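>>> this is the structure alone, sequence omitted:
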C-alpha cells in the first residue's frame, strides 16, 4: 500500500511538473491527462482487480503487478523527451499499481477475519495509513530528487519501493499457500456471488452453514 501510494504521489508531482515545464502542456491538456489517470484508476479497480484477484490469488497478483509497475515506472525517465510515449509509460503502470490498493485491502480483511476478527478495523486503518503515507511523502521526495535538471532517481526510488513490495508479498505468501490457493479455487464462484460473501463466511464450519441456510429458508 505504501508503494502504491508513492507511485500515485509521483504522478501528482514530478509527472505534472515534466508535462508543464518540459512539454508546455496547457491547463486543458493537463485536464485531459488527469481524466486519463482517473479512467485508468476506474478500469484498474473495476476490471483488472476483481478478475486478477479471483483468478490467480492475492499473492501472485500483488507480486507480479508490483514488479511490472516497478520496471515500467522506474524507467519512465528514459521516455521524458517523447510526450506520447511518456504518458503511456506513466498511465500503463499506474493502472496496475492502483489495482494493488483494493487487493491489499481485501487480502488484509480476509486474513484479519480468519486470524484476528477483533482487529479487523485496526488492520484496515493501518492498510490505508500506508497508502496515505506514500501519497504524502512521495511529492516532497520525488521533487527533491528531480531537482531543476531532472534525475532518474525521481522515478527509480518509487520503482525500487514497488520491487521490494512485490518481493515481500511473494516471500510472505510462500508461508501461507493454503490461503492463497483457497482464494484461487473460489475465484470463479466469487465472481458470480454477491460481494457480501467473504472468506470469513466460507470458512464457517459446515454445521454452522447448514443452520444458517435452514434459518434463511
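Happy to help now that I have it. The structure presented is a predicted model; accordingly, all values stated were derived computationally and were not measured.

>>> residue ranges of the helices in the chain, please?
2-10, 16-21, 27-43, 49-74, 83-115, 120-146, 153-173, 177-185, 187-192, 199-202, 206-216 (DSSP state H).

>>> report the angle between the fourth one and helix 27-43.
Inter-element angle recorded for helix 49-74 and helix 27-43: 130 degrees (by axes from the mean of the first three to the mean of the last three C-alpha atoms, to 10 degrees).

>>> what is helix 49-74 packed up against?
helix 2-10, helix 83-115, helix 153-173, helix 177-185, helix 187-192 (3 or more C-beta pairs under 8 Å, 6 or more residues apart in numbering; DSSP states H and E). C-beta: built from backbone N, CA, C; applies to glycine.

>>> then the fifth one?
Helix 83-115 is packed against helix 2-10, helix 16-21, helix 27-43, helix 49-74, helix 120-146, helix 177-185, helix 199-202, with contacts defined by 3+ C-beta pairs under 8 Å, 6+ apart.

>>> and if we set it to 7 Å?
Applying 3 or more C-beta pairs under 7 Å, 6 or more residues apart in numbering; DSSP states H and E, we find helix 83-115 packed against helix 2-10, helix 27-43, helix 49-74, helix 120-146, helix 199-202.

>>> okay, buried residues for it please.
83, 86-87, 89-91, 93-101, 103-113 (16 or more other C-beta atoms under 10 Å).

>>> pLDDT on that helix, on average?
Throughout helix 83-115, pLDDT has a mean value of 80.

>>> quick one: that helix to chain centroid distance?
2 Å (C-alpha atoms, centre = their mean, to the nearest Å).

>>> ok and that helix relative to helix 2-10, angle-wise?
Going by the same axes, to 10 degrees, helix 83-115 makes 150 degrees with helix 2-10.

>>> now the angle from helix 83-115 to helix 120-146?
Using the same axes, to 10 degrees: helix 83-115 against helix 120-146 is 150 degrees.

>>> what is the least confident helix or strand in this protein?
Of all helical and strand segments in the chain, the minimum by mean pLDDT, DSSP states H and E falls on helix 206-216, at a mean of 42.

>>> related to what we said a few turns ago, looking at the helices and strands packed on helix 49-74, which is nearest to residue 139?
In terms of C-beta to C-beta, the element of the helices and strands packed on helix 49-74 nearest to residue 139 is helix 2-10, at 5.1 Å.

>>> helices or strands up against that closest one?
Looks like helix 2-10 contacts helix 49-74, helix 83-115, helix 120-146, helix 153-173 (3+ C-beta pairs under 7 Å, 6+ apart).

>>> thanks a lot, see you next time.
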